[in-house]
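**Student:** coords below, sequence missing:
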């Protein structure tokens, strides 16, 4: 069964905070696949995730647009990949499966270029809205994945801390 949760952020800083909430529950072997238009907030969300998971300053987390993958050492390695500059048929050549197989976690921007990483991934779709800084962030995971047991704490915390930020929805689908 596919599960989804929709959150709304009202600024770049809040998108980073949402990423940090995900970073708190990131574990070795996890993959977070980010999709969205150019400038929608993928890098901001990734900054939040990586900074908390790898215990590095937010300023140290830059999008690896030209290097393709950055590695951050923390309690476990966290890899941040950006597929913007490569074609879908080149993705297999950069070895995205290796971080997951070696006890690391992987955050991927422009993940629509990935057909399958194997295992359970958290898919995140970031959408522009009519308001300039407002973003709709939709998370999707299966109920059999580890995300199903960890994400409810993030959802509860986010909704407690952000009661006035638009509607958030949690949906379980078949």
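**Tutor:** Structure received. These numbers were taken from a predicted model, which means no experiment stands behind them. Numbers count the residues shown, from 1 in each chain.

**Student:** C-alpha from now on. contacts and neighbour counts both.
**Tutor:** Fine.

**Student:** center of the chain, which residue is that?
**Tutor:** Residue closest to the average C-alpha location in the chain (Cα atoms, centre = their mean): residue 32, at 4.3 Å.

**Student:** can you tell me which residues contact that one?
**Tutor:** 106-108, 121-124 (Cα atoms under 8 Å, 6 or more residues apart in numbering).

**Student:** rerun at 7 Å
**Tutor:** With contact set as Cα atoms under 7 Å, 6 or more residues apart in numbering, residue 32 has these partners: 106-108, 121-123.

**Student:** Check residue 134 too.
**Tutor:** Residue 134 neighbours (Cα under 7 Å, 6+ apart): 8-11, 128.

**Student:** from these, which two are the most distant?
**Tutor:** Among the contacts of residue 134, the pair separated by the greatest distance (Cα to Cα) is 11 and 128, at 11.7 Å.

**Student:** Residues contacting the strand or helix carrying residue 50, please?
**Tutor:** According to DSSP states H and E, residue 50 maps onto helix 42-53. Helix 42-53 is contacted by residues 12, 15-20, 22-24, 26, 34-36, 57-58, 61, 63, 78, 107, 109 when judged by Cα under 7 Å, 6+ apart.

**Student:** picking up where we left off before, among the contacts of residue 32, which one sits closest to residue 147?
**Tutor:** Nearest member of the contacts of residue 32 to residue 147, counting by Cα to Cα, is residue 122, at 7.1 Å.

**Student:** Can you report how many residues neighbour that closest one?
**Tutor:** Residues lying near residue 122 (other Cα atoms under 10 Å) number 20.

**Student:** likewise residue 93?
**Tutor:** Other residues close to residue 93 by other Cα under 10 Å number 7.

**Student:** show me what contacts it?
**Tutor:** Taking Cα under 7 Å, 6+ apart, one finds nothing in contact with residue 93.

**Student:** got a pLDDT number for it?
**Tutor:** In this model, residue 93 is scored at 72, pLDDT.
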